[in-house]
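*Asks:* Quick one: sequence and predicted model below, then my questions.
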Amino acid sequence: MWFFRKNYLILSLVFAFGSTSSMDLKAEAHLVFRNSVVNVTKVHAKVAAGYVSIENLGTQDEVLISVKTDFAQISEIHEMKHVNGIMKMRKVTSGLTIKPKNTVHLEKGGFHLMFMKMSKHLSPDDIVSVDLKFRDAGWITVDFLVSDRHIASGSAHSHSQDDQ
Amino acid sequence: MKSYLSTSRSLLILFASALIFGSVFAVLILQQSAVSNLSKKINLDPTLMLHDHHGNLLSSEHFKGKLLALFFGFTHCPEICPTTLNDILIWRDEVGDIAREISINFVTVDPERDTAEQLNKYLENFSPRIVGITGTQIELNKLFAAFGVYVQKVPFDDNNYTVDHSSSIYLVNKNGRLFDVISFGEHPESAIEKLKRFVH
């Protein structure tokens, strides 16, 4: 029983870390990427936000320095803050530090990748490549799933279709 | 010496009492102020001249005699704006058919990029029932001032810019008074409850 359990665990890790295209998980160098999603409105979106969790398995700080894609003319790291009822968004110019053995979550309402001047129309379920540049690991390409499911905050379901 | 200690203790008790009383009084004042703000009359400039997302002229008459939900945002906003528009449609559905009476309005804080055409394309993503509102900066400023909405253009170093803005939904009743405000991130149950009270 113990033998099967142990081998199952190893097999799971091989599948998980061996994958380089999954949007659920990608491991490269000392970094692990999870849940990479580009959030879009359905059509005519001039901008899109990218979310991903980045874990640093290394023993030193790693820094996300820049971003580039072929679907947006401008790609930047941004931070959104909601202060006293006011939405504020700022460009992160000094890079995003990921401490060793820690995970930084780029997520709604906080740090995110900001894609502007979109040169390509993205549709839900598309898979797009995003190049992330790290101070030590260099450029790493991560696949992102295009989705509009992250837009609604209050409920998983969409509003009634008779409005469409 | 004993007398001195006694006086000090008395002064300390007096000071602490004043502090507690002052704090309670300040909280009461603030609460009172919030309540009065919630029923305040929205005074719109009668000469207000804006455009809807079809390019039609939209005057101050549009804001009279109906249940209004107004959200101030812009189409280059990646998170709060699409989230809020989706949320309010979902909450409205939760309240039921009666809530379809609410006129949902998306007022741009970025008229430079949000032309009527851009608003029209953008709002196709959500619902044809949402009214997109744009206009000149001067006319829009009148609307922002009437609601006390914060709008601040913030340039980036690459000739791009973003706009900081208030993120709440303003509910205005048929008498032109502010009925309530739904804050960004407010629990859906609370938002739905406010909409229920709004339409009943």
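*Replies:* Structure received. This one's a predicted model, so the numbers in the text were calculated from it and none came from an experiment. Numbers count the residues shown, from 1 in each chain, chains lettered A, B, ... in the order given.

*Asks:* how does chain B divide into domains?
*Replies:* Chain B breaks down by automatic domain parsing into domains covering B:1-38, B:49-199.

*Asks:* Quick one: mean pLDDT over the shortest one.
*Replies:* The one in question is domain B:1-38. The average pLDDT within domain B:1-38 is 53.

*Asks:* ok so, going back, deepest in the core, which of the domains of chain B is it.
*Replies:* Among the domains of chain B, domain B:49-199 has the highest mean neighbour count (mean count of other C-beta atoms under 10 Å in any protein chain shown), at a mean of 19. For every residue, glycine as well, the C-beta is placed using N, CA and C.

*Asks:* any idea how far that domain is from the chain center?
*Replies:* Put simply, domain B:49-199 sits 8 Å off its chain's centre (C-alpha atoms, centre = their mean, to the nearest Å).

*Asks:* in which helix or strand would I find B:Asp157?
*Replies:* Under DSSP states H and E, no helix or strand contains B:Asp157.

*Asks:* Could you pull up the residues touching the residue lying closest to it once chain neighbours are set aside?
*Replies:* Computed as C-beta to C-beta, 6 or more residues apart in numbering or on different chains, the closest residue to B:Asp157 that is not its neighbour in sequence is A:Lys91, at 7.6 Å. Residues in contact with A:Lys91 (C-beta atoms under 8 Å, 6 or more residues apart in numbering or on different chains) are A:76-78, A:114, B:156-157.

*Asks:* repeat that for 10 Å
*Replies:* By C-beta atoms under 10 Å, 6 or more residues apart in numbering or on different chains, the contact list for A:Lys91 reads A:76-79, A:114, B:154, B:156-158, B:160, B:162.

*Asks:* do B:Glu101 as well
*Replies:* B:Glu101 neighbours (C-beta under 10 Å, 6+ apart): B:66-67, B:92, B:174, B:198-199.

*Asks:* And for B:His76?
*Replies:* The neighbours of B:His76, taking C-beta under 10 Å, 6+ apart as the test, are A:45-47, A:89, A:114, A:116-117, B:108, B:110, B:113-114, B:118, B:122, B:160-163.

*Asks:* Does B:Ala146 fall in a helix, a strand, or a coil region?
*Replies:* Under DSSP: H, G, I helix; E, B strand; the rest coil, B:Ala146 falls in the helix class.

*Asks:* do the same with B:Arg197
*Replies:* helix.

*Asks:* isn't it right next to B:Phe179, touching?
*Replies:* Yes - counting by C-beta atoms under 10 Å, B:Arg197 touches B:Phe179, with 7.9 Å between them.

*Asks:* A:His112 and B:His187: what is the separation?
*Replies:* In this view, A:His112 and B:His187 are 23 Å apart by C-beta to C-beta, to the nearest Å.

*Asks:* meant to ask about B:Phe63, not that
*Replies:* Distance from B:Phe63 to B:His187, by C-beta to C-beta: 28 Å.

*Asks:* How about B:His165?
*Replies:* 22 Å.

*Asks:* again, but for A:Lys99
*Replies:* Here A:Lys99 is placed at a distance of 32 Å from B:His187 (C-beta to C-beta).

*Asks:* swap in A:Met87?
*Replies:* Note on A:Met87: its distance to B:His187, by C-beta to C-beta, is 18 Å.

*Asks:* re earlier: out of the contacts of A:Lys91, which are inside helices?
*Replies:* Nothing among those maps onto helices, per DSSP state H.

*Asks:* Tell me the one among those residues nearest to A:Glu28.
*Replies:* A:Ile77 (18.7 Å; C-beta to C-beta).

*Asks:* Assess the claim that that closest one and A:Ser66 are in contact.
*Replies:* Yes - contact criterion C-beta under 10 Å: A:Ile77 and A:Ser66 qualify, at 7.5 Å.

*Asks:* Which one of the two is surrounded by more residues?
*Replies:* Between A:Ile77 and A:Ser66, A:Ile77 has the larger neighbour count (other C-beta atoms under 10 Å in any protein chain shown), namely 21 against 13.
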